[in-house]
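Novice: model this:
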Amino acid sequence: MKTVDVNSPEFQQEFVKTEKFAHKVLKQFGWEFNPNEEVVERVLKGLTVNKIKYGRYFCPCFVVEEVDGKYKSVDNRICPCKQAIEIEIPNEGVCHCGLFCSKDYLDKSRNKKENKIEIDSNIQDLLKKDQLLGEELEVLLKAREKGLVDFELIDIREPFEHQMMRIKGTDKLLPISRVQFELDEWMKLKDKRIIIYCHVGSRSGYLQRVLQQQLGFDKVGNLTYGIADYFGEIERG
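Specialist: Numbering: from 1, shown residues only. Got it, this is the predicted structure:
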């Protein structure tokens, strides 16, 4: 499979084409870009990588598999995907990966006040949750710094995504695309409490089910809405 250097002239040229493609989609459907510019940049870069690797704008939030010699998204997600057009943006105001949104969603986001959720006061119970919100992971990371809990935080995105930005406190990068090649590394974690994350939770949710159902992991939590839902400290580079 072709590797992609995000700093190469080829990538930069293709990224410009991806931006033009995205603007055409906005005009065609009357959508807007997500007000979070970092989310937009990450998704556009992910689309560019997939275009170079697979020849199509497969959504970077979903696993791409090779079936009968052809590449296919697990959920048939090719931007702009049918799910976003018919379900997600009409009903939720934003597509699954967070790239496109409706004008109403944009207006509400601009006027939205920060809401804080009530965090479970029992840290150990919080750590055992199957699905975690960004605020909850932030609490767990602070508790880990104080020695109150022990777990490993694993980024399962691609190296270029990890380099662009990652949650501070991430212990390992184990890309979902290389699980079959790094199975020994995963099996070392089987008896440990781990939390995995991706961009918006799709790939990590998929991997969580694989780890639980096929490999017998019973201590794996998922950051439900991914790094896009995390507002704690971020590292870059």
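Novice: buried ones in stretch 85-99?
Specialist: 85, 88, 89, 93, 94, 95, 96, 97, 98, 99 (16 or more other Cβ atoms under 10 Å). Using the backbone N, CA and C atoms, a C-beta is placed for each residue, glycine as well.
Novice: CA atoms only for that stretch, dumped as CSV, please.
Specialist: The C-alpha trace of stretch 85-99 is given here as CSV (Å, rounded to 0.1, in the frame of the first residue of the first chain):
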residue,chain,number,x,y,z
ILE,A,85,-26.9,14.0,2.8
GLU,A,86,-30.0,12.1,3.7
ILE,A,87,-29.7,11.6,7.5
GLU,A,88,-27.0,13.3,9.5
ILE,A,89,-27.0,16.9,8.3
PRO,A,90,-30.9,17.1,8.0
ASN,A,91,-31.4,15.6,11.4
GLU,A,92,-28.3,16.4,13.4
GLY,A,93,-27.0,19.5,11.6
VAL,A,94,-23.5,18.0,11.1
CYS,A,95,-22.0,15.1,9.2
HIS,A,96,-20.4,12.2,11.1
CYS,A,97,-16.8,13.3,10.6
GLY,A,98,-17.6,16.9,11.4
LEU,A,99,-16.5,18.5,8.1
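Novice: how about the secondary structure of the spatially most central residue of the chain?
Specialist: For the chain, residue 199 is the residue whose C-alpha lies nearest the centre (Cα atoms, centre = their mean; 1.3 Å). Three-state call for residue 199 (DSSP: H, G, I helix; E, B strand; the rest coil): coil.
Novice: if I look at it, how far off is residue 45?
Specialist: 11 Å (Cβ to Cβ, to the nearest Å).
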